[in-house]
Every structure is written in structure tokens, then in C-alpha cells.
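1. I'll drop the sequence and a predicted model, then ask my questions.
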Amino acid sequence: KEVVKKKKKKEEKGKDEKAATKEKSTKKKPKKKSDEGATKEEKTANPSGVTRLFVGNLPWSIDDEGLSKGLGCELPHIKYITDKETKQFYGSAFVDCGTAATAARVVALNGTKIGGRPVKIAYAPPRPGDVWPPPKATAKPQRAKTQRPEGGTTKLFIGNVAYEADEDKVLELFSSVAPSGLKAARWLSDKATGEFRGSGFLEFYTIEEADAAIE
């Protein structure tokens, strides 16, 4: 009888442990908070008080007045981003909105069009080593057409490319002058963020194709 009682208690204990394990396993893990349900105001909130913004996909023709008008505010400081070697304008800039409240309002305009192009707007607090505000006014470089090298070239710089464009769209653009396609394409991106800068270098198979592309 004593053996039977011990066996029965052991079976009951096993059932209790199994039931406890099952109950524990059926408890759902807490879901991580997601910003999918966040309002536009919450997504563009500016708790850190950042006043510097990145503005990308700007048209080549943009100037200080047009940029200020497009963002709907005065911009105490504007720094146009250019290639260090060619000094070509990348179609993007850093701007200072003056106040955190104004910056938050401007960030909410992300995706709206300036000069017919949907601009990308994001907070861009100065990183360690950045000189901000700029020591002096940095006027946007004028877009100057470079002289054709003697003997011609098969390599061209292309800028102000839409952020949503891909290589297939670029090939389609030049398909009438380069039926064989491009020999090579090198796109420029921001070293810190890895984001496409809207420009790059294209190489054609012949000088004649490159000349036709310029035209």
C-alpha cells in the first residue's frame, strides 16, 4: 500500500508540473513597441531640441530664397553639400531652422515637393568635429558645364538624379544614344549614412555615345 501511495503522489506531482509548464508556455511574450501606430506628430517630435536638418533631392536650380520659401521658414544657416573633388552640387544641404519647434514643423514636410521634386527632410544634429554653424556663408556653387577634354571621353558625371531612380531607369534615359547600354556606373553615397547622394559617374562604350548623352 505504501508503494502504491508513493507512486500515486509521484504521478500527481508530475501532472501538476506539466500543467504549470503548459500554463507558462501559453503566456504571450510582450510585443516590442512599434511606431507603426504613431501619429505624424509623434514621428516628427523633437525632444532633443535639434535645429539642424538634412534636406535632400533638391533641384539644381534651388537657391537660398527658394529653399527658405519651400520649407516655409527663415533659415539662419545653409550649407550646400558638394563633392570634395569636383565641387559639384549634390542636390542636398544642411539647414538651420533657428528653433526646435520650427525644425519639427519642417521635418513634417518630408516628401513634399520643392521645384517639382519630393524632398527628403530629416533631423541632422552636428556630429563631433562638425563646424556648425558654418563660419561664413556657403553659397550654392553655380552649375558650370565643364569643357570637353581634348580627344573626348567616355566618362561623364551625372547629378540631380531622383532618389527613387534605379540603374534601369538611367539606362532607359540613355537608351537612344547608348543602345548597348553602359559600360560602367558608379553611384556616390554619403560615407556616414550610406544614403544615395543623387549623383554618380557613367562610362559609355564610345566617345560618340558620351558626346550624344551630353547633348
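-> Perfect, thanks for sending it.

2. Only C-alpha atoms from now on, for both contacts and neighbour counts.
-> Noted.

3. The nearest residue to residue 124 once chain neighbours are set aside and residue 166: what is the separation?
-> Leaving aside its sequence neighbours, residue 124 sits nearest to residue 53 (CA to CA, 6 or more residues apart in numbering; 4.7 Å). Distance of residue 53 to residue 166, computed by CA to CA, to the nearest Å: 26 Å.

4. Look at the two and report which has more neighbours.
-> residue 53 (22 against 10; other CA atoms under 10 Å).

5. Show me where this structure has its strands.
-> 52-56, 77-82, 89-96, 113-114, 117-118, 120-123, 155-158, 184-189, 196-203 (DSSP state E).

6. can you put the ones you listed in TSV and add distance to residue 105 and mean pLDDT?
-> Below are those laid out as TSV (distance: least, CA to CA, whole Å; pLDDT from 0 to 100):
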stretch	distance to residue 105	mean pLDDT
strand 52-56	11	94
strand 77-82	17	90
strand 89-96	13	90
strand 113-114	15	92
strand 117-118	17	90
strand 120-123	11	93
strand 155-158	32	86
strand 184-189	27	84
strand 196-203	24	82
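
7. Those strands into TSV, with extra columns for distance to residue 133?
-> Formatted as TSV, the strands of the chain follow (distance: least, CA to CA, whole Å):
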stretch	distance to residue 133
strand 52-56	9
strand 77-82	7
strand 89-96	8
strand 113-114	24
strand 117-118	26
strand 120-123	15
strand 155-158	30
strand 184-189	23
strand 196-203	22
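
8. re earlier: am I right that the residue nearest to residue 124 is in contact with residue 126?
-> No - applying CA atoms under 8 Å, one finds residue 53 not in contact with residue 126, separated by 9.3 Å.

9. Which residue, neighbours along the chain excluded, lies closest to residue 92?
-> residue 56 (4.1 Å).

10. Share the number of residues neighbouring the one you found, please.
-> 25.
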